[in-house]
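# Got a predicted structure here, sequence first:
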Amino acid sequence: MTYEAVNTIAAIGTFLVIAATAIAAVFQLRHMRASNQLAGLLSVLARVEDANFNAWLTDTQRQLPVLLSDPEYVQTVVDNTFDRSIAWLQLGNSYDWVGSLVKNRLIPVEAFLDVYSFRISQAWELMIPITVLARQNSSDAVWENFEYLYVKAQEWNKRHEHGNYPRHVPHAELPRFEEIFPYKRG
């Protein structure tokens, strides 16, 4: 075998080793990204299921209509002098944080919305009046990531109008409503 043939075989062998290493690295990076996204998703899910988060939603449902009917309170929001520990602010800021993670693909949007699309829609719609008020003297950037999350949730809900249950898996049998709750509806 000639010297040129040995050099050519060695160059091809080196190329194959480098190519195989690059392919393995791509697979490893994908695996690491999926692992990091799962860790991020679990962290977000834990935060959204936290007792404080749920209390903020409940308190916002109760307090916000009362607060927004008070012109003096509305003025504190306009003046930006309101109490920062208020539930609606905590709720809006928390969903804004989650929205940023989703927007920047740090957590998988499909997995998150599969569980929380309804809650996001409910929270955003509850927060619309205070969002309009907060943006009045500021900008549309107030809770823009929360808004992004809401829009993605609306898209999800439209695509999965009848749920996201796998079509090839039969549903569990449930008794009829009247069998469990014999009183009249409405």
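Nice, thanks for sending it over.

# can you tell me how far L106 sits from A10?
44 Å (Cβ to Cβ, to the nearest Å). For the C-beta atoms, the positions are set from N, CA and C on the backbone; glycine is no exception.

# So which of those two has more stuff around it?
Using other Cβ atoms under 10 Å as the criterion, L106 and A10 rank with L106 on top: 14 against 10.

# For that one, report the pLDDT, please.
As predicted, L106 sits at a pLDDT of 82.

# Would you mind measuring from it to V115?
Applying Cβ to Cβ to L106 and V115 gives a distance of 17 Å.

# tell me the contacts of V102?
109, 112, 145, 148-149, 152 (Cβ atoms under 8 Å, 6 or more residues apart in numbering).

# So which residues of the protein form helices?
With DSSP state H as the criterion, the chain has helices at 3-48, 51-68, 71-79, 87-103, 109-136, 144-159, 177-180.

# For my notes, please list the ones you listed in TSV and give mean pLDDT and distance to V169 for each entry.
What follows is the helices of the chain, written out as TSV (pLDDT from 0 to 100; distance: least, Cβ to Cβ, whole Å):
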stretch	mean pLDDT	distance to V169
helix 3-48	68	23
helix 51-68	92	30
helix 71-79	93	48
helix 87-103	92	27
helix 109-136	93	15
helix 144-159	96	19
helix 177-180	87	23
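
# Out of those helices, flag the one nearest H168.
Closest to H168 of those, according to Cβ to Cβ: helix 109-136, at 17.0 Å.

# Would you mind listing the buried residues in that closest one?
Within helix 109-136, the residues scored as buried using 16 or more other Cβ atoms under 10 Å are 109, 112-113, 116-117, 120-121, 123-124, 126-127, 130-131, 134.

# Perfect, that will be all.
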